[in-house]
Structures are given as structure tokens and as C-alpha cells.
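K.L.:
Give me the fold of what follows.
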Amino acid sequence: ERARLVEVIPAEHWLVAGYEPLPNTVLEDARTEALKRTVHAQFSRVIDIAPYLGEELHEVLVGITEGGKLADFVAANLDLALPAKAELLAIDDVTRRLERLAELLGQELQVLEVGSQIQEKVRTRLDQNQREYVLREQLRVIRQELGEEEGEDELTELASRLEAAGLHDEAKKVVDRELKRLRQMSPQSAEYHVARTYLEVIATLPWANASQDRLDLKAARDILDRDHYDLKTVKERILEYLAVRTLNPAARGSIMCFVGPPGVGKTSLGQSIAEALGRRFTRVSLGGVRDEAEVRGHRRTYVGALPGRIIHALQRCETRNPLLMLDEVDKMGADVRGDPTAALLEVLDPTQNGAFVDHYLEVPFDLSGVMFIATANSLAPIPDPLLDRMEVLTLPGYTPGEKLAIAKRYLLPRQLKETGLQMERASIADGALERLIGEYTREAGVRQLEREIQGVLRKAALEVVEGRAATIKITAKNLEKFAGQPKVQSEVAGREAEVGVATGLAWTPVGGDIMFIEAIQMPGKGQITLTGQLGDVMKESAQAAWSLLRARAGALGIPLDAFTQTDVHLHLPAGAVPKDGPSAGIAIATALASLLCRRPARHDVAMTGELTLRGRILPIGGLKEKLTAAARAGVKTVLVPARNRSDIVDVPDEVKQLLDIKPVETIDEVLELALLEPHPLRPLAVRTLTSGQTEARP
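P.N.:
Coordinates of the predicted model:
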């Protein structure tokens, strides 16, 4: 029942008012009925959405049919502001009250629906987060049970290392793809270990780590002089490189190739250069390599695939601009697996190695900052395209005087330190060192000499430890007590001039050497037999010498029947060693002329030179090594081509003082200097017997 306030009566403890009832007559027309239904439907929707209304209100709402009571019930339960409730209370007309209530219900529904949508989004997001959390916790527990929890931590650590490696964009794309694949794999699968090893290799490569070059010429010169004796040409070349880098830091130096016999210090020179430049040194041994994959790496599709030796060397040194020594490039070979020398063409080409692609990495790696130095004993086996990319610096063999200086300055102090002896307790006199050089070793380098010194000092150490002597002084007189009997004798000493024997000079990958060319004559039909494992070029040189002597038989006093009724056998000793080259031409001609003319050839005269059919002598290579070998063997006179005069300047003064070097232009000069007076025995005469056989008599 509705009422109107008439008056307020004052009271002591509470409020007292007077009112008058209002008539409750309602005209139920179509409009009122429509408003009732609208309010009923709206409030039902509000009950469903509003969290502050209970579901039981639906049952109460169904039982209210009168419009005024419906409006009052809805207004009482609806969460309205106080002014809105007062406004509804003041409206007497039911129709107007229902209209206003419908407006307020519409506003409330909009607010409730927006709030419901917001709550639904929040609930969905919370449900998704909760779901992910639950799944991750389950995955963590499963991995923990399988023992795979550490693998996830390692992948996180690997990803951090890759992030800090300084990869270029192309490498980053490949790494991100591989990391994504790796996280989806089981750590127990074989593919997992392949992918992880690949990423480990990439993470350990020095993509951005580079050392700073030390461009101090004086310090570099001091280091090179400290570690190596002589080698002026090589040292000057290194200092020139440093000077260019000082003026132009972006300049790229040429790739050097040290060529020389074993033991002359090619590898140790590379270490000294690295120290002088302030770069790290790493070495790649290429001797015996026949597989191209050793240089370029194996593709990851193969089991046990690994990167090539170049990339592996950069892993070891942990810097992208080391000094990388390619050792023994002349010992590489090709087979069905490819040609590794062809793979080196890209590595050693400054225009290409800035984006070198190893088959294992499959991404470019910059090798332009690497300083490459190659070493070889001989240039002959190196293909021309590879040789064209390198600047050849020859390290010749040492003379006896140079070996003595090296032994005193480097070898002896090092071996004294290694054996635990001090200079006060053991010493080796210069005379003993000279005997070790001349009578116990025969080499172009000093490696065997160092072993001999080491053996002598071991004997001395034994005597000191056993108390037989407090100090040991090794001299030329007591050397045999510590080193044993001499192992090398002069190849010329004890020999004498012989008919049919000439002394030639040879160059080998291990240095120079002398060789004796022997010829004998026997009844036959004018044939010449060549033995001693000779190459095609040397055989042709022998044929040319034979034809030249046959053409000049009259001038040389050789009987013509010697070329038709006798055979000649030409032999070069050490038949197990292959021999080739044209430089033995004049030595072969001298041996044959000595045999056919019966004039002994001087045993203390050695010779080298290529011979033409016209008797002219052409220049040869390896002159310094050959002259050094002649001096070491005890030869007194050496005949060399006149066109090699310019090369004599490079021969050490010590060698030139021991030899009488005579340049020659024709074979006539050679025979005049090398042959002695005719032998007392007459030239070999041949007569035909009645039976048709031949008989040879002196």
C-alpha cells in the first residue's frame, strides 16, 4: 500500500509522522501490459547476469502480476543509486513508473553486459595462463622423472652463448631455426645430438673475436733475430709486411710459402712471426691429406660429420685473425674422394675467403683476417693454380759455419736446459761441435745435429749423476767417448780419379747432395743401358750426351767402332732413390767421354748443368744447395753454367771460400777441366773372330 507523508510529529527517541493512504486503482491497458512484460523480461535478464541477485528472485517475480507491485519489487531489489530510487518512489502513476523503471533497467543491463564481457575475457585469459602453468609443471615433472631437466638448462645456456657469439644475420637465421628444432626433439634421439653438436661448433667459433696487431718494427726485428739465425730475406719480408700494415691497416698481405729442406726452421719461423705480430699461432698439418672434406668439412648428413681442419683450427685458437700455418702442402694428394689442393684455392684466395663456406657449417665464415703461411719441402708437387696464390720464400740449407753458430746460440743452451745440466757442469767445445756437424750428421737443417747434441749430453748427465765426474768438458779429442764412432765420412776422401766415373750435383727436397755417375764398356752393338731408377728427363739427357759424343768422336779421339761394336752401361748408384731432371747432363757426358777416351775424370771436381745437342750448357736451379753439398762432401772445384753467375752472389761466403767455382759455357770447357791425361791403357779395341763373335781388348 502506498501513502503520502502529511506531517512529522516531534518525538524524544524516534521519528513519528502522519500520512494518508493513496488510492490503488490501476487502469490495466495495453501499454501498461507491454511495460509490465518489458520490465519482467529485463529484470529476469538482470537476475541472470547480476552477481548480487539470487536465483530465487525468479520464483517471486513469476507470482507478481500487478503493475505497481512489480515496479516496487524490481526497484527494491535493483542496485540503483539513491536519487533514482527516490524518483521511482515519488511517481504515483504506475504506467509512468514502469516506463522510468524500464529505462533504468536498460542502463543497468548495458553496464552488466559490459562487465560480463570483461569478466569473461579475464576469466579466459586466466584459464589460459592456468592451463599453460599446469602443462609446464606437468612437463617439468615428466622431464625430471626422465632425467631430462638438465638438458633444458643446457639449451638455455647454449642459446645465451650463441646470442653473445656475434653471428652475422645469415648465421643467426640458421641458428634460430636449429634451436627451435632442437627444443622440439627428445634428448634421447640421434638427431638431437647431431643438431646440438652443430650449434656447439657454431657457438665456439670466433665470429667477432679478433686480436690487435702489434705494429712495432723494432720489437718484431728483435724477436725474429732472437729466435732465428740469418734468414735475412725472410725477415725483411716480414718487416715489409708490418710496414705496409702500419701505413694501411686495411691492407691484405700476400700468402707466403716457405720452401726448404727439413730442419731449417720453417715451422718455428712461423711461430716467431706470430709472436712478432702479436697474433695467436695455430698449425694445420696437411701431409698425407687426400680427402677434400679434410679442408672443406663433411656435410652434416653423414654420420660423425665434423668441420674441416681450417674451421677446427680457428676453434682452437679462439680468434678470427690468427697466424695459421698450412704445414707440408706439398705432401697432399688426390684420389677418388677429391683433390684437397683444389679446396685450398678458395681458402688462399683473398677475393673469395671472406665468405668461406665449410660444408659442415653451411654458412659463410670470414677468413680474410687470417694470415696464412704455407710450408713445403719442394715446389714440384704443388699444382700451378695453388702455387700462383702464394709468394714463395726459399729457406736454403745451412752451411757448416751457420750450423756451428746455431748450435752455440740455440741448440746447446736448449739441450743443457732439457737435460738438467748447467754450463758450469757440462760444456761442448767448438771443435767437438764441428766434428758433430761434419762427421756425425749429413743434413741441410739442424734437426739431426740437435739429436746428436742431446745424445752427447745424456751421456754426460749419466756420468755426473753416477758421480764419476763433477764437471764434463767435451772436446774434439774425447768426443767419441760420448757420441760413438763417426757416422759420416767424406764422400770424396779416399777416392781417386777413375775412368768412366764423374761427380755430379743434385738437389732434393731435403737439400743438396753429390752423386757419382758410373759407366762401363763391353762388347755389343752400340747400345746404351741406363739404370739407377732414372726419370724420363734424365734418360733423355743421357741420350743427348751419347749423341753429342758420337757426333764429336773424331775431335775427341774416340774410335768410331766404339759406337757400333760395344755397349755402354750407365749407372747412378743409390738405385732405390728415384732420380730425374736435366741438370746432370754435363756430368753424364763427362762420365761417357772419360770412358770412351780412356781419360780419368778428376774425383775432386763436381759439376752441374743441362747439356744441349750442340754442346752448350744451360742454367739450372738449386745452385746454393748444390754448392753447399759439394763443400760438405770435400769437393775442391765445381763447374757451373755461366748463366748461373747471378746465383753465385746468394751463396754464403763460407762456401765460396771452400770451393773453386768455375762458370762454363760449353762441354769442351767441361772436358778440359774435368778430364786428366789419357789413361795408360789403350782405348778399347774390338776385333771380329772367325766364328762371328766379337772380342774386346784394351
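
K.L.:
Now the closest residue to residue 389 other than its chain neighbours: phi and psi?
P.N.:
Nearest non-adjacent residue to residue 389, counting by C-beta to C-beta, 6 or more residues apart in numbering: residue 348, 4.6 Å away. The C-beta positions use only the backbone N, C-alpha and C, and glycine is treated the same way. Residue 348 adopts backbone torsions of phi -100, psi 10, taken as degrees, to the nearest 10.

K.L.:
now residue 348: how far from residue 400?
P.N.:
Residue 348 sits 37 Å away from residue 400, going by C-beta to C-beta, to the nearest Å.

K.L.:
the more surrounded of those two?
P.N.:
residue 348 (22 against 18; other C-beta atoms under 10 Å).

K.L.:
Quick check: the gap between that one and residue 233.
P.N.:
From residue 348 to residue 233 the distance is 22 Å (C-beta to C-beta).

K.L.:
ok so, going back, gap between the residue nearest to residue 389 and residue 20?
P.N.:
For residue 348, the distance to residue 20 (C-beta to C-beta) stands at 117 Å.

K.L.:
pLDDT on the helix or strand where residue 239 lies, on average?
P.N.:
Residue 239 is located in helix 232-247, with elements delineated by DSSP states H and E. What helix 232-247 shows for mean pLDDT is 85.

K.L.:
Can you spell out which helices and strands pack onto that helix?
P.N.:
With contacts defined as 3 or more C-beta pairs under 8 Å, 6 or more residues apart in numbering; DSSP states H and E, helix 232-247 has these neighbours: helix 217-227, helix 266-277, strand 390-394.

K.L.:
What residues sit buried inside it?
P.N.:
By 16 or more other C-beta atoms under 10 Å, the buried positions in helix 232-247 come out as 234, 235, 237, 238, 239, 241, 242, 245.

K.L.:
Direction included, what does the longest strand along the chain pair against?
P.N.:
Longest strand in the chain by number of residues, with DSSP state E as the criterion: strand 511-523. Note on strand 511-523: by DSSP bridges, its sheet partners are strand 501-508 (antiparallel), strand 566-571 (antiparallel).

K.L.:
so which of these gets nearest residue 635?
P.N.:
strand 501-508 (6.8 Å; C-beta to C-beta).

K.L.:
Which residues does that closest one contact?
P.N.:
With contact meaning C-beta atoms under 8 Å, 6 or more residues apart in numbering, strand 501-508 is reached by 261, 492, 512-519, 579, 581, 583-584, 587-588, 590-591, 594, 601, 603-608, 621-622, 625-627, 629-630, 635, 638, 674.

K.L.:
Grab the nearest non-local neighbour of residue 174.
P.N.:
Leaving aside its chain neighbours, residue 174 sits nearest to residue 363 (5.5 Å; criterion: C-beta to C-beta, 6+ apart).

K.L.:
can you pull the contacts of that neighbour?
P.N.:
Residue 363 sits next to 170, 171, 174, 202, 357 when contact means C-beta under 8 Å, 6+ apart.

K.L.:
and the fourth one, what element?
P.N.:
I take that to be residue 202. Taking DSSP H and E as the definition, residue 202 sits inside helix 190-204.

K.L.:
now for that helix, which elements pack on it?
P.N.:
The contact analysis (3+ C-beta pairs under 8 Å, 6+ apart) places helix 190-204 against helix 149-163, helix 169-183, helix 309-317.

K.L.:
avg pLDDT for it?
P.N.:
Taken as a whole, helix 190-204 carries a mean pLDDT of 86.

K.L.:
Stretch 353-369 now?
P.N.:
If you average the pLDDT over stretch 353-369, you get 88.

K.L.:
what sits up against the helix or strand containing residue 452?
P.N.:
Taking DSSP H and E as the definition, residue 452 sits inside helix 447-465. For helix 447-465, the external contacting residues (C-beta under 8 Å, 6+ apart) are 262-263, 403, 407, 411-412, 414-416, 418-421, 425-426, 428, 432-433, 436-437, 440-441, 443, 469-472, 474, 479, 481-483.

K.L.:
just stretch 204-220 next, same as before
P.N.:
165-168, 171, 238-239, 242-243, 245-246, 249, 276-280, 311, 314-315, 317-322, 365, 369.

K.L.:
Among the strands paired with strand 511-523, show me which one is buried the most.
P.N.:
Counting by mean count of other C-beta atoms under 10 Å, strand 501-508 has the highest mean neighbour count of the strands paired with strand 511-523, with a mean of 24.

K.L.:
quick one: the helices in the stretch 551-698 of the chain?
P.N.:
With DSSP state H, counting those that start in this stretch as the criterion, the stretch 551-698 of the chain has helices at 553-556, 585-597, 623-633, 645-648, 653-658, 667-674.

K.L.:
Most tightly packed of those?
P.N.:
Ranked by mean neighbour count, these are led by helix 585-597 with a mean of 27 (mean count of other C-beta under 10 Å).

K.L.:
between it and helix 667-674, how big is the angle?
P.N.:
Relative orientation of helix 585-597 and helix 667-674, computed by axes from the mean of the first three to the mean of the last three C-alpha atoms, to 10 degrees: 70 degrees.

K.L.:
distance between the ends of stretch 254-272?
P.N.:
Using C-alpha to C-alpha, to the nearest Å, one end of stretch 254-272 lies 18 Å from the other.

K.L.:
which outside residues touch stretch 229-244?
P.N.:
Residues outside stretch 229-244 that contact it (C-beta under 8 Å, 6+ apart) are 215, 217, 220-221, 224-225, 228, 251, 253, 256, 258, 265, 269, 273, 276-277, 391, 393, 395, 398, 402, 405-406, 409-410.

K.L.:
Once you drop chain neighbours, what's closest to residue 410?
P.N.:
Closest residue to residue 410 apart from its sequence neighbours, by C-beta to C-beta, 6+ apart: residue 229 at 7.2 Å.

K.L.:
what about the one you found, is that helix, strand or coil?
P.N.:
Classification of residue 229 using DSSP: H, G, I helix; E, B strand; the rest coil returns coil.

K.L.:
Check the gap between it and residue 428 for me.
P.N.:
According to C-beta to C-beta, residue 229 and residue 428 sit 18 Å apart.

K.L.:
and what of residue 475?
P.N.:
Distance of residue 475 to residue 428, computed by C-beta to C-beta: 8 Å.

K.L.:
out of the two, which sits in the busier spot?
P.N.:
With neighbours defined as other C-beta under 10 Å, residue 475 and residue 428 compare such that residue 428 has more, 25 against 13.

K.L.:
For that one, report the pLDDT, please.
P.N.:
90.

K.L.:
swap in residue 148?
P.N.:
Per-residue confidence (pLDDT) for residue 148: 55.
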